[in-house]
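Peer 1: Turn this into a model:
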Amino acid sequence: VGDNSQLKTHNSKLHRYNAVAMESRFDALEELEGLLGYRFEDRSLLDRALRHGSAAAAQEEGSYQRLEFLGDAVLGHAAALLLFDEFPNDDQGLLTRKRVHLVRSERLAERAALLGLDGWAEVGPSEEISRGRERAALLEDLFEAVLGAIALDGGWQPAFDFVERQFSEDLENLDERTLALADPKSSLQEVAQAQGLPLPRYKEEAVSGPDHHRRWVYSVFWEGEAVARGEGVSKRDAQHQAARRALIRLGFVPEE
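Peer 2: Residues are numbered from 1 along each chain as shown. Reported below is the predicted structural model:
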């Protein structure tokens, strides 16, 4: 009986501790609401939007996955409306390219990091040890989940306003040059195909540095002639740098 009594007392204290911890976190989330520019009626939605599936509490209270699903749909709709209004003369193909660029994964991760969502994320011990909260994929998920939480809490207009605030600067700078240089290898290939020319060819010129800090140098060949070089911390980065320089050097993209 004594053991049961002690267990009940322990559980009661633990329950009160968890309640206080939750209340404290809810109060702290007011600071994040200020950064988001939105005050939640139901702050538990924001709390859930920040909870990764690896967190222990996720088994009972749920992770951000469902809110991420909702946020992804809201983001696509909002981005389409913003682009439709901002670029009345663009055709469907160009609007689609701009939408893909606007809401690309790395940009969502950057926006999440700028909002400091990584610091608010609730992750499990394994994710914490592996610095999972800094992963681009997790940051992207957090951004979409928070957007989904805003939509669920306040409806369409606050969610749309949030997207507009987050991407207004990107919209102002979204032109053909930006699109071409965002994925320079694809852009250079498209130009070659449009002109009926052989596809650009990339040649590894050099590799330097220790295993943990390699640097690659690549040349890109246009109509059989080397036209630009690029250097980067990966083969992909080096090839992209070479393609970017080739687009500018060959006059397909204007210099800034």
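
Peer 1: and R229, what helix or strand is that in?
Peer 2: strand 225-232 (DSSP states H and E).

Peer 1: Quick check: pLDDT value at the residue nearest to R43 when sequence neighbours are not counted.
Peer 2: Spatial nearest neighbour of R43, excluding adjacent residues (Cβ to Cβ, 6 or more residues apart in numbering): F26 at 5.2 Å. C-beta coordinates here come from the backbone N, C-alpha and C atoms, glycine included. You'll see F26 listed with a pLDDT of 73.

Peer 1: And for V123?
Peer 2: pLDDT, V123: 83.

Peer 1: follow-up on the earlier one: list the contacts of the residue nearest to R43.
Peer 2: 43-44, 47 (Cβ atoms under 8 Å, 6 or more residues apart in numbering).

Peer 1: What separation is there between it and E33?
Peer 2: According to Cβ to Cβ, to the nearest Å, F26 and E33 sit 11 Å apart.

Peer 1: Give me the common contacts of the two.
Peer 2: Jointly contacting F26 and E33 under the rule Cβ under 8 Å, 6+ apart are R43.

Peer 1: what about the strands in the protein?
Peer 2: 201-208, 215-222, 225-232 (DSSP state E).

Peer 1: surely W216 meets A206?
Peer 2: Yes - assessed by Cβ atoms under 8 Å, W216 is found in contact with A206 at 7.4 Å.

Peer 1: So if I had to pick from the two, which one is more boxed in?
Peer 2: Neighbour comparison, W216 and A206: the larger count goes to W216, with 21 against 12 (by other Cβ atoms under 10 Å).

Peer 1: does the more buried one have beta-bridge partners, and which?
Peer 2: W216 has these beta-bridge partners by DSSP bridges: V207, G232.

Peer 1: change the start of the numbering to 26 and stick with it
Peer 2: Taking 26 as the first residue, the last one we looked at is W241.

Peer 1: before we move on, back to that, most neighbours among the contacts of F51, which one?
Peer 2: Counting by other Cβ under 10 Å, top hit in the contacts of F51: D72 with 21 neighbours.

Peer 1: show me the contacts for that residue.
Peer 2: Counted by Cβ under 8 Å, 6+ apart, D72 has contacts 50-51, 54, 147.

Peer 1: Quick check: which of the strands of the chain is buried the most?
Peer 2: strand 240-247 (a mean of 20; mean count of other Cβ atoms under 10 Å).
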